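*Asks:* here is my input; please provide its structure:
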Amino acid sequence: MTRKSILSVNAGSSSVKLTFYTFEKTPKVIAAAQVSGITAPPAKLKYSSGSTQHNEELKESLNTPQDAFKFLLQRCISDPELSEVASTDDLAYICHRVVHGGDYETSVVITDESYNHLEKLEDLAPLHNYSALEIIRHCRKETPSVKSITFFDSAFHQTLPEHVKTYPIDQKTAKANGLRKYGFHGISYSFILRSVAEFLSKPIEQTSIITMHIGSGASVCAIKDGQSVDTTMGLTPVAGLPGATRSGDIDPSLVFHYTSEAGKLSPASTKEMHISTAEEILNKKSGWKALTGTTDFAQIAVENPPTKNHQLAFDIVVDRIVGYIGNYFVKLDGRVDALVFAGGIGEKSALLRKAVTEKCRCLGYVVETDKNEKGAGDGETVVDISKESKGPRVLICQTDEQFEMAYGCINKYGETESKT
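*Replies:* Alright, predicted model coming up:
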C-alpha cells in the first residue's frame, strides 16, 4: 500500500512549523502545526486541519527547536482532532528546510554520507544549520523507514555568475574554506518564480523579476530568464538587508571596533554549536531591534511612529531595499517583468510597499492605493497591485516554503510511487 502523506519541516531559531500534505502531484494540506516563542517563553502552539483551528499557550518547557519538533510530532499524531495524521507509518517522506547547503545544487536524500557532509558545513552557518540537522538526526533514529529529504535555501542560487559569487580575497584560502556568496531564501524564491511565471502566463525560463523576501530575515533576488543572477545574502544570511536582529551589510571592520572580544566564543555557544561573539552581535544583537527594542516590524511600519528611532529603522530598511532594486534593475538591463513583494512583512505591510515603490517611481513602478491597502487575501497566491494595466508590474506573492518542499519532493522523488 502506498503511503499517503508528506511532512514538511521548517525549523527556525524561535519556531518550528510542520505541514502534512497529501501524496499527489499537486500536494494538498492535510494539517499544519506550529510552535512559536521558543526563545521567548511561554511557547505557543497553533494548528489547523480543515475547519479545525486551535491555539494555546504551552505549559511545557520547550527550550530548543528539537524539543519543539518532538512535541509537535507527538501532538499531531496523538490528537483525535487531527485523525488524518494518525501515524508516522503513513509518511512517505519528511522534507527538511536546511539553510546552508554549500555546493549542493538541488535537494538530496539524507544518507550517512550526505548527513556527514552537512555536518561539515555547520561552521559556515552554526546559527542556522544546527537545529535542522538535529531534527534530521532525530527523524533518522525514530523513523528510519521514512526517507528524509533536505531542501537548501542556497541551492536556488547555484546559477550565480562567477564574478558575482566570488569575493576579492586570496582564492586559495577562499576555495579551501568555501568562502563565497551562496545566497539564501532559495526555497521561497523557487516558489515565487514558479507562481509569478504562471500568473504572467510566461515560461519560467523566460521570466525575469526582482523579488523580495522581506521578513525577520530579509533579502532581494534578481532573477533573469528563470535563474538567480544576484542576491543580497552572501556567505551567510547576515549579509545584505538588515533584519529583525541582523545587521545586514556593514563595514567589515566595524565589529572589531565594537568589541575586542569579537573573535572569542560567545557565551551562547554550546559544546555542539560554536558561535563567535562577532556572529552573535551581527546576527542576534543588531537590526531594527537594536534601534527600536522590538522585532515586530508592524510596530515600526506605522504612519505616526512612536519614536524617532522607529522612523529611522523604517527609513533604513526602505533605503537598503531601494538601493538593491536599482542595482538589480541595471543588472537585468531594465527588462523586468515584475517587482515582487513576499515574506511576512512584504506581504502584510502596505506602508512598506508604498514607500519602496514611491522611491522607485523613476523606474516606472506605481501601485494603486486601494489595491495596495487591500493586499493579498486568503487563497490568493499572486496579486497585482499595479496602478496601470500596462507597464512594469508590482505584485504580491504569498510565498509557501512548506508547499514548495512537498511539491519538489513529489515531482523529483515521488513520481513512481504516486502512480502505484
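
*Asks:* need the contact list for the residue nearest the centre of the chain.
*Replies:* Centre of the chain computed as the mean C-alpha position; nearest residue by C-alpha atoms, centre = their mean is residue 185, 4.2 Å away. By C-beta atoms under 8 Å, 6 or more residues apart in numbering, the contact list for residue 185 reads 153, 213, 217, 219, 221, 231, 233, 343. Backbone N, C-alpha and C define where each C-beta goes, glycine included.

*Asks:* for residue 351, identify the helix or strand it belongs to.
*Replies:* In this assignment (DSSP states H and E), residue 351 forms part of helix 350-359.

*Asks:* the nearest residue to residue 295 once chain neighbours are set aside in helix, strand or coil?
*Replies:* Closest residue to residue 295 apart from its sequence neighbours, by C-beta to C-beta, 6 or more residues apart in numbering: residue 244 at 4.0 Å. Under DSSP: H, G, I helix; E, B strand; the rest coil, residue 244 falls in the coil class.

*Asks:* pLDDT wise, what is residue 244 at?
*Replies:* pLDDT recorded at residue 244 is 94.

*Asks:* please begin residue numbering at 22 from this point
*Replies:* Got it, first residue is 22 now, which makes that one residue 265.

*Asks:* I'd say it and residue 318 touch.
*Replies:* Yes: counting by C-beta atoms under 8 Å, residue 318 is a contact partner of residue 265 at 7.2 Å.

*Asks:* so between the two, which is more surrounded?
*Replies:* residue 318 (25 against 20; other C-beta atoms under 10 Å).

*Asks:* tell me the contacts of that one?
*Replies:* Here residue 318 is in contact with 237, 265, 309, 338, 366, 370, 373 (C-beta under 8 Å, 6+ apart).

*Asks:* quick one: contacts for the second one?
*Replies:* What that stands for is residue 265. Residue 265 neighbours (C-beta under 8 Å, 6+ apart): 237-238, 308-310, 316, 318.

*Asks:* could I get the residues you listed as TSV with secondary structure, pLDDT and distance to residue 435?
*Replies:* Converted to TSV, the contacts of residue 265 look like this (DSSP: H, G, I helix; E, B strand; the rest coil; pLDDT from 0 to 100; distance: C-beta to C-beta, whole Å):
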residue	secondary structure	pLDDT	distance to residue 435
237	coil	91	32
238	coil	92	29
308	helix	97	39
309	helix	97	41
310	helix	96	41
316	coil	91	37
318	helix	96	37
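
*Asks:* select only the buried ones of those residues in ChimeraX?
*Replies:* To isolate the buried subset of those in ChimeraX, counting by 16 or more other C-beta atoms under 10 Å, use the following:
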select :237,238,308,309,310,316,318
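
*Asks:* let me know the closest of the contacts of residue 265 to residue 32.
*Replies:* residue 238 (13.6 Å; C-beta to C-beta).

*Asks:* I figured that closest one was touching residue 258, is that so?
*Replies:* Yes: between residue 238 and residue 258 there is a contact at 5.8 Å, judged by C-beta under 8 Å.

*Asks:* what do those two both touch?
*Replies:* 205, 267.
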